[in-house]
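Enquirer: give me coordinates for this.
(chains A, B, C, D, E and F)
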Number of protein chains: 6
Amino acid sequence: MDKFLSNAERAEVLTQALPYIQQYNGKIIVIKYGGNAMINDTLKQQVMEDIVLLTLVGVKVVLVHGGGPEMTETMKKMGKESQFIGGLRVTDAETVDIAQMVLAGKINKTLVNLLQTKGGRAIGISGMDGRLIEAKAKDPELGFVGEITHINVQPIVDLLDKGYIPVVSTLGCDREGNVYNINGDTAAARIAGAVGAERMIMMTDISGILKDRDDPDSLIQRISVNEAAKLKEQGIVSGGMIPKVECCIDAIRRGVDRVTILDGRVPHATLMETLTDEGAGTMVYWEK
Amino acid sequence: MDKFLSNAERAEVLTQALPYIQQYNGKIIVIKYGGNAMINDTLKQQVMEDIVLLTLVGVKVVLVHGGGPEMTETMKKMGKESQFIGGLRVTDAETVDIAQMVLAGKINKTLVNLLQTKGGRAIGISGMDGRLIEAKAKDPELGFVGEITHINVQPIVDLLDKGYIPVVSTLGCDREGNVYNINGDTAAARIAGAVGAERMIMMTDISGILKDRDDPDSLIQRISVNEAAKLKEQGIVSGGMIPKVECCIDAIRRGVDRVTILDGRVPHATLMETLTDEGAGTMVYWEK
Amino acid sequence: MDKFLSNAERAEVLTQALPYIQQYNGKIIVIKYGGNAMINDTLKQQVMEDIVLLTLVGVKVVLVHGGGPEMTETMKKMGKESQFIGGLRVTDAETVDIAQMVLAGKINKTLVNLLQTKGGRAIGISGMDGRLIEAKAKDPELGFVGEITHINVQPIVDLLDKGYIPVVSTLGCDREGNVYNINGDTAAARIAGAVGAERMIMMTDISGILKDRDDPDSLIQRISVNEAAKLKEQGIVSGGMIPKVECCIDAIRRGVDRVTILDGRVPHATLMETLTDEGAGTMVYWEK
Amino acid sequence: MDKFLSNAERAEVLTQALPYIQQYNGKIIVIKYGGNAMINDTLKQQVMEDIVLLTLVGVKVVLVHGGGPEMTETMKKMGKESQFIGGLRVTDAETVDIAQMVLAGKINKTLVNLLQTKGGRAIGISGMDGRLIEAKAKDPELGFVGEITHINVQPIVDLLDKGYIPVVSTLGCDREGNVYNINGDTAAARIAGAVGAERMIMMTDISGILKDRDDPDSLIQRISVNEAAKLKEQGIVSGGMIPKVECCIDAIRRGVDRVTILDGRVPHATLMETLTDEGAGTMVYWEK
Amino acid sequence: MDKFLSNAERAEVLTQALPYIQQYNGKIIVIKYGGNAMINDTLKQQVMEDIVLLTLVGVKVVLVHGGGPEMTETMKKMGKESQFIGGLRVTDAETVDIAQMVLAGKINKTLVNLLQTKGGRAIGISGMDGRLIEAKAKDPELGFVGEITHINVQPIVDLLDKGYIPVVSTLGCDREGNVYNINGDTAAARIAGAVGAERMIMMTDISGILKDRDDPDSLIQRISVNEAAKLKEQGIVSGGMIPKVECCIDAIRRGVDRVTILDGRVPHATLMETLTDEGAGTMVYWEK
Amino acid sequence: MDKFLSNAERAEVLTQALPYIQQYNGKIIVIKYGGNAMINDTLKQQVMEDIVLLTLVGVKVVLVHGGGPEMTETMKKMGKESQFIGGLRVTDAETVDIAQMVLAGKINKTLVNLLQTKGGRAIGISGMDGRLIEAKAKDPELGFVGEITHINVQPIVDLLDKGYIPVVSTLGCDREGNVYNINGDTAAARIAGAVGAERMIMMTDISGILKDRDDPDSLIQRISVNEAAKLKEQGIVSGGMIPKVECCIDAIRRGVDRVTILDGRVPHATLMETLTDEGAGTMVYWEK
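Expert: Numbering: from 1, shown residues only, chains lettered A, B, ... in the order given. All right, here's what the predicted structure looks like:
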């Protein structure tokens, strides 16, 4: 495509991004990245490029990531089988150990590395570093599945202040030194609120919220937080979309202006969302 | 043109600018703007947009401007006729007064205003403010035509430090309070050297240095500072281009890496020059 | 006179200034300078010396200037005639252009230059720089006569912080890039309030407020802001003094402690006003 | 033991530490922690307590850790067998992946967590974060076994500046995004030099350098860097001790004053080494 | 005793101090030192060592001292006899002069000197320096016995900020330049409140508050501020202990958390009080 | 006298001080104050006023004081008789104790107090505070007569930085805690050199250096440091003037530009010396 664009046309495009750049310069954006959006390597490369570009135009990006399929894969490799109690997966000590290795070791550092090959400066931390995410057991029967009790936002503030992109894996800790596996979306929403983020982007591999689950053309592009809550009550939002919408609502309640459930399959969705007048997915906003 | 570009294509363009943005982030660029490039209003609007965009991606721009045709026009309006000695125009007290009005009053503030309607933060100063340009008479017979004796770069450093785009009109002063008209290209080169600029752009209304003055297709796109000096000696560079080339050489000698004689008639030439892999005009570089 | 003063007597005089120096050290004083006080060259020299001396004893001076007779003179030279609607002068585009040249080009830079030959460090700005004075048209029929809508005090704060004397010419701007001519006294009062000035001095070429307009010996030396308002209502303050008194009242309402209508014809009036126990003119103070 | 110590005696002990505390206040100490010293849990607890105590008396500690037996264990669990070429273990892509998980995920975060339960503030990074350790392949046949090409010390400086204990796992990266397994001792020596450390402690599970390998009573307590080099040449230092001694020499050559091969089995060896007049192990010092 | 302690045991003791060090790191402690606790030279040496050690583990110590018996001694040497009015000693001009010499000259500088031979950095000031303690006459008949009217805490803040131990002799001053002798305990309590101290230690040469004045075994180790007030009302606290207790109450009312009347005769009482779990004397605390 | 000066004349005088104020703004001046100049109370008041005024116009003053006759008086009062060995006074432990009381207690704090009643901000320190003056015994037979071994200039730098006038009494100390009486002139010269003072003023109660000791009209007003050295060699400088001249030479050798032996009996001599074009006394300058 690009070979048909003259340099003059390219410059024109850059100029059109000007008002968006001005709008987000110096603002904090929390990007939750995970799930299937992490698997497609081309997309991954683009997401990292987009993040580096955003930091260069003055946006302060915090990247929160989840686990993706690598967790399952590693557990399988290590011959660890999941146990279930009443249909819920139990996270025993060995499982949380594997989570720590996969999240804080494998995925976190790989993302840091990728950001840096694109020209960014990143430092990867977990919720244990600087005690970022304090947690307790959600339910003793489920083992080390954690519920956030407190966000100590200082490590993120310090890293942003020193000019790094903080890359966060969502493990929590308590005062006794226990480690907990924390839901990534929930953690991202809490961090976004604590750090005073302007926006939050939840990258997924679906189009966004559909009015009619069976009609891919029924995408809701913009919705107020109140309407979103209503859709949930009415059962229009359902399945895996429910916790996503709940996180959007939680982030907005904690002071974030806009949360977008972004279609990670669209090339440069992050950039378009932030620096052009159109996005891909569903944007939930605060109704004044 | 743009309506045919999808958002995805726009994002793609932004991404392509990434390496250039990284390269110039935090660097100082001095842009000399003047002559006929100042007359075309569409171009003026674009140059100002380009400058604001550069500051938003972290480039520190110093805008040095000349007088353009408004000087002549105002003198005519005020019934002031130029005197000549041996073919050279004499700058008497009344003429330097008009220069002060046109440069520091009319043009400087109009540029400041334009930058700000585009979203920039600018403060316009002259070579008198903070005693930026100290000068003496070049030749007593020519009156207040000044030769730079010293650049006090502090005011520019202070304004950059506070986040402003310094817009400079090139009037000089001496310790007795005399005001001098200073050649804009010369002043820009001296300021670029003093402030430690990475690059300097001299915006003109011609294509650049031609190998054959009569063949517009003979444009030299890149030339080393040594070769440029040679071309001048060989008489290939001639006429109004001679002082331009001398300023390029002077700026590079004072530590600037690259100076481009940029074709101001090309839309978004400044942006293309800085943020894409092609420029318009002739780039003179330091031969290591 | 001075040759009769021994050094010991001079030292004695300096010592007497001690309590006043202590009182104003670190405080901000806004000086409005304009009108006929600007014409007498000896006085002009003294005012500039006084300002530099005040900055050296730790007073932070902001110098706001008006246009004086040079505006009229330049308009005449340029063959521009004023139009009047209902007795009020119309400021068309060409007139505001000339105002920009005379105020921001001629007068502003000449004052900057003078301050610097006296040893000060000054930077001259207009209400357009850093969007200091935002304005709108007062009355569409009158053209570009502006009414202040907002003072963005940051540029003045930044220049004071970097150790410069900000010299301000009172042109305003709006978001569309229009330029407006702003009444200097009004602008000075607004700036004094916004910058948190301790005092404001309005330099004029009259003695001050007289109880009896026809009796030069009836000068009021000190008057509370309430009494001043009363005098205006009673018609004792009249003619050109009315807007002056209104500016005094406005400045005090915006937090300035004392405003003096100072007799600029008295040598070193500024210094005496600030550093001795007597002033020349009328001091309006806040009645606690 | 302690129950026999009165509070007065305890205070006496604290007072005796005074001169050592004074000596190291504000200094940087790099501690290399690994091998069998990491296995004994009681010792691990004490080492972490010692480090937190050192930071509280003003010592800036950088903790560099190695892999220990957990690497082997995890490889076994994952059914990964090591390949050997000419007796040397090959690190293929899968192996370096496991190293990343075990080092940056498991061990690093567990140490961070432990330091924090003791009251410290720690952030764990790898050589990839902020591109701390740049490396290249040592020998293409061995795969991703890295040789350090450059230390970018800024991330460590930034974390110390913000008051954290940097905990470093020694993985390296190159500009293409490859990850390398780096020898921990070598990395610690390079980091100690780059960060301007006063001292370096290499914690091991042996007594130190022995004059006679077979006589545990022949421990050398202090040795100059030159003598250490000589012992190596003479073959008195041999086996696994050779690379240790080489690291000592390298660190001292890069500006570290003293390097101690510390017997990690001795309780509170770190504290004693730093805050009392005796250490456990062999101290190599710079001979002036 | 110490020769029987191995280094390992010493390290153990240091480790036990860890939680206390963490608790007081960065906190301000005001120590009032005077009376007979100043006479015993061994104790004096230990108190100074304790203070230096506290500063090295991050505690900010302010040392306020009284006069002790040197005042009486010097007066006797100078042949100055005390006058009494109604049983109260009169402080005439000559007496306050001697106080100034003994307190600010002799004792203050000797303490500064001692702290520095122990490795501390100290600067000794009086209540006159930076006008720290403003006072007025308590009763004209008593002459220059002062009552505190205001604490200007800036000099202490400035010295702590620059890393010095401020050593304060409690002389007061008024705007006319009169000097007053100020009760040391009272001044210490006021300073502790003004500087936001966490704790205050009043070093004495008695055991503390006794339930039964005649039974040295009836020491109260911990008492709430309310209970202490009650004991005073009930007459259980009596004699010289009354003003001490009043100072404790005053300091706590001004925001200090805990005040200890410390038995200065116990070796390293200061250190034990702060860095172990037992103190010597009576601790008065704020009852939440 | 002053009642005959109009305010205008006063302002004129202030204006004449302008160039001198500009010259010394931000510069450090060390003033040695002692001897008979300290006795006359009117002069003392004026010297303190002058110092406060200098600090307000931006001069950084360090006041070093000597002992004056109060030392002798206090020794007499305390029944302490001086012993002499070979004509030189012996400073035994008791004598240095009295010196400490008189210098650091009485005189230092009284000067601090006086400066503050004039509106200054002062902190009085001795050579012991922050170990400012390190010394050793000059001659064991003379006891605690000290010779400066090192100046730790940090405490003075810190106090100037925080905006205080450091008032210094010239007692020295060594690492063992011994106190020494230090010659005030010598200490002032060393401090002036160490702190990078522009000028030093030695206030005395004589006119200055006389060409002919018996002719009061033969005052030398300006003399180069080389000529001063010559005069000393030729015996023209003699008696008590010899050490003064030696201090001048020492201070200049250590980088001070000008040292003035100032006639303290002349009212406002300090101010005149610094802020007018004439001084009282002899100025020794560096001959370039």
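Enquirer: now do the contacts for the residue in the stretch 51-200 of chain A positioned nearest to chain E.
Expert: Using Cβ to the nearest Cβ, the closest approach of the stretch 51-200 of chain A to chain E is made by residue A:175 at 13.4 Å. Backbone N, C-alpha and C define where each C-beta goes, glycine included. Applying Cβ atoms under 8 Å, 6 or more residues apart in numbering or on different chains to residue A:175 gives the contacts A:134, D:117.
Enquirer: which SS state does it fall under?
Expert: coil (DSSP: H, G, I helix; E, B strand; the rest coil).
Enquirer: give me the phi and psi for residue A:121.
Expert: Phi and psi for residue A:121, reported as degrees, to the nearest 10, are phi -120, psi 110.
Enquirer: residues in contact with the spatially most central residue of chain A?
Expert: By Cα atoms, centre = their mean, chain A has its centre lying nearest to residue A:32, at 0.3 Å. By Cβ under 8 Å, 6+ apart, the contact list for residue A:32 reads A:64, A:65, A:66, A:184, A:185, A:188, A:200, A:201, A:202, A:203.
Enquirer: before we move on, what about residue A:128?
Expert: The contact partners of residue A:128, taken as Cβ under 8 Å, 6+ apart, are A:104, A:171, A:172, A:173, A:179, D:109, D:112, D:113, D:116, D:124.
Enquirer: one more time with 6 Å, if that's ok
Expert: A:171, A:173, D:109, D:112, D:113 (Cβ atoms under 6 Å, 6 or more residues apart in numbering or on different chains).
Enquirer: average pLDDT for the helix or strand hosting the fourth one?
Expert: Residue D:112 is located in helix D:108-117, with elements delineated by DSSP states H and E. Across helix D:108-117, the average pLDDT comes to 97.
Enquirer: quick revisit: any idea which helix or strand comes after whichever helix or strand the residue nearest to the centre of chain A is part of?
Expert: Here residue A:32 sits within strand A:28-33, counting by DSSP H and E. Downstream of strand A:28-33, the first helix or strand assigned by DSSP H and E is helix A:41-56.
Enquirer: which residues of the stretch 1-150 of chain A lie near chain B?
Expert: Contacts of the stretch 1-150 of chain A with chain B, taken as Cβ under 6 Å from any Cβ of the partner chain, map to A:1, A:7-11, A:13-15, A:18, A:21-22, A:25, A:49, A:53, A:56-57, A:119.
Enquirer: please repeat the previous calculation with a cut-off of 8 Å.
Expert: Residues of the stretch 1-150 of chain A lying close to chain B by Cβ under 8 Å from any Cβ of the partner chain are A:1-2, A:5, A:7-19, A:21-22, A:25, A:46, A:49-50, A:52-53, A:56-58, A:118-119.
Enquirer: among the residues you listed, which are located in helices?
Expert: Here DSSP state H is the test, and the residues of the stretch 1-150 of chain A next to chain B give A:7-16, A:18-19, A:21-22, A:46, A:49-50, A:52-53, A:56 as lying in helices.
Enquirer: show me which of those residues are buried.
Expert: A:7-16, A:18, A:21-22, A:46, A:49-50, A:52-53, A:56 (16 or more other Cβ atoms under 10 Å in any protein chain shown).
Enquirer: contacts with chain E among the residues you listed, please.
Expert: Taking Cβ under 8 Å from any Cβ as the test, chain E is in contact with none of these.
Enquirer: returning to what we had before: could you confirm whether the helix holding residue D:112 reaches chain A?
Expert: Yes: using Cβ under 8 Å from any Cβ, helix D:108-117 reaches chain A at D:108, D:109, D:110, D:112, D:113, D:114, D:116, D:117.
Enquirer: which residue packs closest to the residue in the stretch 1-150 of chain A that chain F sits nearest to, ignoring adjacent ones?
Expert: Chain F sits closest to residue A:26 of the stretch 1-150 of chain A, with a gap of 32.2 Å, by Cβ to the nearest Cβ. Leaving aside its chain neighbours, residue A:26 sits nearest to residue A:58 (5.6 Å; criterion: Cβ to Cβ, 6 or more residues apart in numbering or on different chains).
Enquirer: what about residue A:166, which SS state?
Expert: Going by three-state DSSP: residue A:166 is strand.
Enquirer: please look at it and residue A:123 and confirm they touch.
Expert: Yes: using Cβ atoms under 8 Å, residue A:166 is in contact with residue A:123, at 6.3 Å.
Enquirer: overlap in contacts of the two?
Expert: Residues touching both residue A:166 and residue A:123 (Cβ under 8 Å, 6+ apart): residue A:159.
Enquirer: export only the CA atoms of stretch A:114-123, formatted as PDB.
Expert: Coordinates of each C-alpha in stretch A:114-123 appear next as PDB, following Å, rounded to 0.1, in the frame of the first residue of the first chain:
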ATOM      1  CA  LEU A 114      10.100  -6.600  22.000                       C
ATOM      2  CA  LEU A 115       9.400  -3.000  23.100                       C
ATOM      3  CA  GLN A 116      13.100  -2.300  23.200                       C
ATOM      4  CA  THR A 117      13.900  -3.700  19.800                       C
ATOM      5  CA  LYS A 118      11.300  -1.200  18.600                       C
ATOM      6  CA  GLY A 119      13.200   1.600  20.300                       C
ATOM      7  CA  GLY A 120      11.300   1.900  23.600                       C
ATOM      8  CA  ARG A 121      12.700   1.900  27.100                       C
ATOM      9  CA  ALA A 122      10.900  -0.600  29.300                       C
ATOM     10  CA  ILE A 123      11.200  -2.200  32.700                       C
END
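Enquirer: please enumerate the helices of chain A.
Expert: Applying DSSP H to chain A gives helices spanning A:7-16, A:18-24, A:41-56, A:70-77, A:93-100, A:108-117, A:154-161, A:184-194, A:225-233, A:241-253, A:269-275.
Enquirer: residues near the residue lying closest to residue A:285 once chain neighbours are set aside, how many?
Expert: Residue nearest to residue A:285 in three dimensions, not counting chain neighbours: residue A:258, with 4.8 Å by Cβ to Cβ, 6+ apart. Residue A:258 is flanked by 21 other residues according to other Cβ atoms under 10 Å in any protein chain shown.
Enquirer: and if you look at residue A:240?
Expert: Counted by other Cβ under 10 Å, the residues lying close to residue A:240 total 9.
Enquirer: then residue A:82?
Expert: Neighbours of residue A:82 (other Cβ under 10 Å): 12.
Enquirer: that one touches residue A:89, doesn't it?
Expert: Yes: using Cβ under 8 Å, residue A:82 is in contact with residue A:89, at 5.1 Å.
Enquirer: put together JSON lines for the helices of chain A, with distance to residue B:195 on each row.
Expert: Shown next, in JSON lines, are the helices of chain A (distance: least, Cβ to Cβ, whole Å):
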{"stretch": "helix A:7-16", "distance to residue B:195": "25"}
{"stretch": "helix A:18-24", "distance to residue B:195": "25"}
{"stretch": "helix A:41-56", "distance to residue B:195": "22"}
{"stretch": "helix A:70-77", "distance to residue B:195": "50"}
{"stretch": "helix A:93-100", "distance to residue B:195": "50"}
{"stretch": "helix A:108-117", "distance to residue B:195": "31"}
{"stretch": "helix A:154-161", "distance to residue B:195": "27"}
{"stretch": "helix A:184-194", "distance to residue B:195": "40"}
{"stretch": "helix A:225-233", "distance to residue B:195": "49"}
{"stretch": "helix A:241-253", "distance to residue B:195": "44"}
{"stretch": "helix A:269-275", "distance to residue B:195": "30"}
